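Asks: Compute the structure for the input listed below.
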Amino acid sequence: MPVKNRLAELHGEITEWRRTIHANPEILYDLPKTTALVEAKLREFGVDEVVTGIGRSGIVGVIRGKTDTSGRCVGLRADMDALPMDERTGLDYASGTAGKMHACGHDGHTAMLLGTAKYLAETRNFDGTVCVIFQPAEEGGAGGKAMVDDGMMDRFGIQEVYGMHNEPGLPVGEFGVAPGPVMAAADELEVIVKGRGGHAARPHFTIDPVPCAAAIVMALQTIASRNADPLESVVVSICVMETESAATNVIDERVRLAGTVRTLNEGLRDLAEERIRKIVAATADAYGCEVDIHYERGYPVTVNHEENARIAAEIAEAVAGQGKVAWGRPPRMGAEDFSYMLLARPGAFINVGNGDTANVHHPMYNFNDEAIPYGTSFFAELVERRMPAA
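Replies: Predicted coordinates for the structure are as follows:
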């Protein structure tokens, strides 16, 4: 089964929706234009129920099949929010809002799920119920968790759930999926190193926090090289190191360090936090400094359920063709709040090829509209295979 003919016919229309969303990016939970478009389209398609305000600004559309002897309900999820950054693509439909850009392809994800919803509402060639889930605040706001915490899974009787993300570098028309951990947990670390400031020409009258901070940065790298199993993955990246003064002849009293910690299982996550706290405290003590440590756990590991991942791979191959699905790939150290939905229900997260484009979170990135027929056909075929018409 290649790309579905009806979805190929809808390609141009779905592309128009995508570009409208792209030109009007909104971030986190504040998505009035995006949610208005999604709600209006779902009602226009004749979706059976459209429920707004789930997890603050999420939307769920309910589509019932021709029959419901199976009693099954499948959830399909797309994220809607953009990133707080400036676009440099020069496209005629580029962001019209300074400091906001669809640099991760959520505009494409939303448009593809809208196209899927239109097809399913027209055909209803399945036995059961589909919930199309439009989620806010994936980019750091944990909108997936907010929707789950709002009772979405139980309220709509969702039994399994699937999500999709575009992947630059993967050819258009191809997919990637794996069982088990596919994306990392993402935690945030902030350390304030406190010493005693003074004149840079008289360091012996100070307690300089800068060498202490530098030593902490270097010592934290031993977590990956000397504390973790070499076959396990852990990343500790200190991305910020700053003092309050910009003067070249001042030893400041404080240094702020901040960064991210990425792991692929809870045991290693616990180990990383424990070692960070001990290394920071012991290093500060050795340099005569004091420290404040703030460690915040973010999105958990995104773990695909094995059976559902295999189902997704089979359906992707049916759409793309033999040899066009990268199965069992190594996990990525990026994070994804679809993880909360996979903690609540079995399911899988799959990648669809975006071709030779700039990477996500880059000011030159753009979702590849040629991927639309493949993504929509995957979702539609998934529904029709998981809940075949009676």
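Asks: ok, which stretches of the stretch 151-300 of the chain are helices?
Replies: For the stretch 151-300 of the chain, applying DSSP state H, counting those that start in this stretch gives helices covering 152-156, 209-220, 222, 266-287.
Asks: Same check on the stretch 1-150 of the chain?
Replies: Using DSSP H, counting those that start in this stretch, helices in the stretch 1-150 of the chain cover 5-9, 11-23, 32-45, 106-123, 143-149.
Asks: any idea how far residue 11 is from the closest residue to residue 319 other than its chain neighbours?
Replies: Spatial nearest neighbour of residue 319, excluding adjacent residues (C-beta to C-beta, 6 or more residues apart in numbering): residue 377 at 4.8 Å. Every C-beta, even on glycine, is put in place using the N, C-alpha and C of the backbone. When C-beta to C-beta, to the nearest Å is the yardstick, residue 377 and residue 11 sit 11 Å from each other.
Asks: who has more neighbours, the two?
Replies: Here residue 377 and residue 11 are set side by side on neighbour count (other C-beta atoms under 10 Å), and the busier one is residue 377, at 27 against 16.
Asks: Next, the angle helix 11-23 makes with the helix or strand harbouring the more buried one.
Replies: Residue 377 is located in helix 372-386, with elements delineated by DSSP states H and E. With axes from the mean of the first three to the mean of the last three C-alpha atoms, to 10 degrees as the criterion, the two stretches helix 372-386 and helix 11-23 enclose an angle of 110 degrees.
Asks: Identify the residues contacting residue 157.
Replies: Contacts here follow C-beta atoms under 8 Å, 6 or more residues apart in numbering; on that basis residue 157 touches 73, 129.
Asks: before we move on, back to that, packed most tightly, which of the helices of the stretch 151-300 of the chain would that be?
Replies: Neighbour counts averaged per stretch over the helices of the stretch 151-300 of the chain are highest for helix 209-220, at a mean of 20; criterion: mean count of other C-beta atoms under 10 Å.
Asks: Now that one: average pLDDT?
Replies: Along helix 209-220, the predicted confidence averages to a pLDDT of 98.
Asks: and the closest residue to residue 329 other than its chain neighbours, how many neighbours?
Replies: The shortest distance from residue 329 to any residue other than its chain neighbours is 5.0 Å, reached at residue 178 (C-beta to C-beta, 6+ apart). Counted by other C-beta under 10 Å, the residues lying close to residue 178 total 22.
Asks: Need the per-residue pLDDT for the residue nearest to the spatial centre of the chain.
Replies: With distances taken as C-alpha atoms, centre = their mean, residue 336 lies nearest the centre of the chain, 3.2 Å away. As predicted, residue 336 sits at a pLDDT of 97.
Asks: okay, stretch 244-255 in PDB with CA atoms only?
Replies: Written as PDB, here are the backbone C-alpha positions of stretch 244-255 (Å, rounded to 0.1, in the frame of the first residue of the first chain):
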ATOM      1  CA  GLU A 244      28.000  39.400  37.000                       C
ATOM      2  CA  SER A 245      30.900  41.800  36.000                       C
ATOM      3  CA  ALA A 246      32.200  42.400  32.600                       C
ATOM      4  CA  ALA A 247      35.300  44.200  33.800                       C
ATOM      5  CA  THR A 248      38.700  42.600  33.100                       C
ATOM      6  CA  ASN A 249      40.300  43.800  36.300                       C
ATOM      7  CA  VAL A 250      37.600  42.500  38.700                       C
ATOM      8  CA  ILE A 251      37.400  39.200  40.400                       C
ATOM      9  CA  ASP A 252      33.700  38.700  40.800                       C
ATOM     10  CA  GLU A 253      32.000  37.100  43.900                       C
ATOM     11  CA  ARG A 254      29.800  34.700  41.900                       C
ATOM     12  CA  VAL A 255      29.900  32.500  38.900                       C
END
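Asks: Out of the helices of the stretch 151-300 of the chain, flag the one nearest residue 312.
Replies: Nearest to residue 312 among those is helix 152-156 (19.0 Å), distances taken as C-beta to C-beta.
Asks: who are the neighbours of that closest one, in terms of helices and strands?
Replies: For helix 152-156, the elements it packs on are strand 58-64, strand 73-79, strand 129-135, judged by 3 or more C-beta pairs under 8 Å, 6 or more residues apart in numbering; DSSP states H and E.
Asks: Would you give the sheet partners of the first one, along with the direction of each?
Replies: Strand partners for strand 58-64, identified by DSSP bridges, are recorded as strand 49-54 (antiparallel), strand 129-135 (antiparallel).
Asks: buried residues in the first one?
Replies: Across strand 49-54, burial judged by 16 or more other C-beta atoms under 10 Å covers 50-51, 54.
Asks: Reformat these as a markdown table; add distance to residue 267 and pLDDT.
Replies: Written out in a markdown table, the entries for the buried residues of strand 49-54 read as follows (distance: C-beta to C-beta, whole Å; pLDDT from 0 to 100):
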| residue | distance to residue 267 | pLDDT |
| --- | --- | --- |
| 50 | 42 | 98 |
| 51 | 38 | 98 |
| 54 | 33 | 98 |
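Asks: quick one: which of those residues is nearest residue 150?
Replies: residue 54 (5.2 Å).
Asks: From the chain's centroid, how far away is stretch 244-259?
Replies: Counting by C-alpha atoms, centre = their mean, to the nearest Å, stretch 244-259 is centred 33 Å from the centre of its parent chain.
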